[in-house]
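S.K.: output the structure for:
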Amino acid sequence: MSRVLLVFRTPELRKKVLFTLLMIVVFRIGQNLPAPNVNVAVLKHTADAAKKSNQLYGMLDLFSGGALLKLSVFALGIYPYITASIILQLLTVVIPRLEALKKEGQAGTTKITQYTRYLTVALGILQGTGVVAMASTGRLFQGATGGDEILYDKSLFPIVTMVICMVAGTAVIMWLGELVTERGLGNGMSILIFTQVVAVFPGQFWGIYQAKGGWVFALVVVVGLAIMAGIVFVEQAQRRIPVQYAKRMVGRRMYGGTSTYIPLKVNQAGIIPVIFASSLLYLPTLASELWRDNKTLQKIQPYLQQTNSWHMAAFFALIVFFTYFYVAITFNPAEVSDNMRKFGGFIPGVRPGRPTAEYLDYTLTRITTPGALYLGIVALIPMVALAVLNVGNEFPFGGTSILIVVGVALDTVKQTEAQLQQRNYEGFLR
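M.R.: Presented below is the predicted three-dimensional model:
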């Protein structure tokens, strides 16, 4: 508590915290503000019925902070920006022009950020058009009564107006995230994703308490705290590879002679593999909901349920695959080795150049294995909870959501610690 008071006693940090909280409030208002042409009463009834009948709607509600199923102005959320960022990051490895921009420093990063914004708007138009089109045809909440009465007017102009409002909402969210990064505390986009996920936690807790009683509720809380402790432990774990820099003369000054290390995290890929695997497995689920008359999709429908063992096995295997894939394209041992050699750095006992790259690659592969298994196990927790406790749709401590919450919280605390240590000898953490 004294550390929290210390934050608010520091004028600059207090302004950052209050500004971040203000942006979160604005973000939540936008998530609960319905888009024009939406019949709110019918929508609420239909969305509640759809969430009870289909797990897919529960997941959509979780990762949009309840905004998508409300067809709000911020219904598309931050995910068009996240998708655009991932696409640009992958294309950087493939397209030489983008790779050259990445190496140009601040000017190149600014250009890539500009491309990301353009792609975000394009993805927002595509996604917003799809959501509004499904709402106008009654296919957004299939299986729930009243799905074709969500919109007041289904003519062209009101539909286009809704799409424009949602795309504008995505642009505003992107702007809010950049404002938080610049003037607030923590990474703005991460804070907004954190807000989306945490926003539905109280309703999920209350739903579990009402449906299953106090004993199951207490069990879920205890299990959730244990999962959070385990995730914090693994997320902080890293392999530090020592690096020694030789002394060298530049003019009349001596440089080098220092020792440092390369931190290789156990979970080097972060949350990205789980997002990739979830998106890939939700495609056939979404297709089976949209085209109910397709016999092939109906045959595989039982295998798409989260409680199905084949679905769990496929999900786990995809997470492991995407973990190795993402680490391979984001960490280049040959490039790291080349940069070390340029500045006179070497790993003790390992020759510079190709042997260093091979050593880094070998070490990274060994580190990635437990990291991939850890991600797969954490992602399977809500599915196991659904099978054992039958609370999967409302289980708040599972998979992607808890990884996002813990990861963003740790990153924000570290940034707060750094800010405090610039002004005090005693930091935020002991």
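S.K.: so what's Thr181 closest to, chain neighbours aside?
M.R.: Setting aside the residues directly before and after it, Thr181 is nearest to Gly188 in space (CB to CB, 6 or more residues apart in numbering), at 3.8 Å. All C-beta spots, glycine's among them, are computed from the backbone N, C-alpha and C.
S.K.: correct me, but that neighbour touches Ile173?
M.R.: No. Using CB atoms under 8 Å, Gly188 is not in contact with Ile173, being 9.6 Å away.
S.K.: of those two, who's got more company?
M.R.: Between Gly188 and Ile173, counted using other CB atoms under 10 Å, the more crowded position is Ile173 (29 against 23).
S.K.: now the more buried one: which helix or strand?
M.R.: helix 156-183 (DSSP states H and E).
S.K.: quick one, what contacts the residue nearest to Thr181?
M.R.: Gly188 makes contact with 23, 176-182, according to CB atoms under 8 Å, 6 or more residues apart in numbering.
S.K.: who's in contact with stretch 167-180?
M.R.: By CB under 8 Å, 6+ apart, the residues outside stretch 167-180 that reach it are 19-20, 23, 26-27, 30, 72-78, 80-81, 117, 120-121, 124-125, 128, 186-189, 191-192.
S.K.: can you show me the strands along the stretch 151-300 of the chain?
M.R.: Along the stretch 151-300 of the chain, counting by DSSP state E, counting those that start in this stretch, strands occupy 238-245, 248-250, 253-255, 259-265.
S.K.: tell me, how many neighbours does the residue lying closest to Gln419 once chain neighbours are set aside end up with?
M.R.: Using CB to CB, 6+ apart and skipping the chain neighbours, the partner closest in space to Gln419 is Leu13 (5.7 Å). Counted with other CB under 10 Å, the neighbours of Leu13 add up to 19.
S.K.: next up, the contacts around Leu13.
M.R.: So, once contact is read as CB under 8 Å, 6+ apart, Leu13 ends up touching 7, 185, 416, 419-420.
S.K.: any of those buried? List them.
M.R.: In the contacts of Leu13, burial by neighbour count holds for 7, 185, 416, 419-420, counting by 16 or more other CB atoms under 10 Å.
S.K.: just send these back as TSV, with pLDDT too.
M.R.: Listed next are the buried ones among the contacts of Leu13 as TSV, based on pLDDT from 0 to 100:
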residue	pLDDT
Val7	73
Leu185	82
Thr416	80
Gln419	76
Leu420	76
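S.K.: farthest pair within those residues?
M.R.: Across these, the longest distance by CB to CB is 11.2 Å; it joins Leu185 and Leu420.
S.K.: pLDDT at Gly224, what is it?
M.R.: Reading off the confidence values, Gly224 has pLDDT 78.
S.K.: again, but for Leu18
M.R.: pLDDT recorded at Leu18 is 90.
S.K.: state the distance from it to Met383.
M.R.: Separation of Leu18 from Met383 (CB to CB, to the nearest Å): 40 Å.
S.K.: quick check: angle from the strand or helix carrying Glu358 to strand 238-245?
M.R.: Assigning secondary structure by DSSP H and E places Glu358 in helix 354-388. With axes from the mean of the first three to the mean of the last three CA atoms, to 10 degrees applied, the angle from helix 354-388 to strand 238-245 works out at 170 degrees.
S.K.: could you pull out the helices in the stretch 1-150 of the chain for me?
M.R.: Under the criterion DSSP state H, counting those that start in this stretch, the stretch 1-150 of the chain contains helices at 2-9, 11-32, 40-53, 55-63, 79-94, 96-102, 106-137.
S.K.: how about low-confidence regions in the stretch 151-300 of the chain?
M.R.: 247-257, 285-293, 297 (pLDDT under 70).
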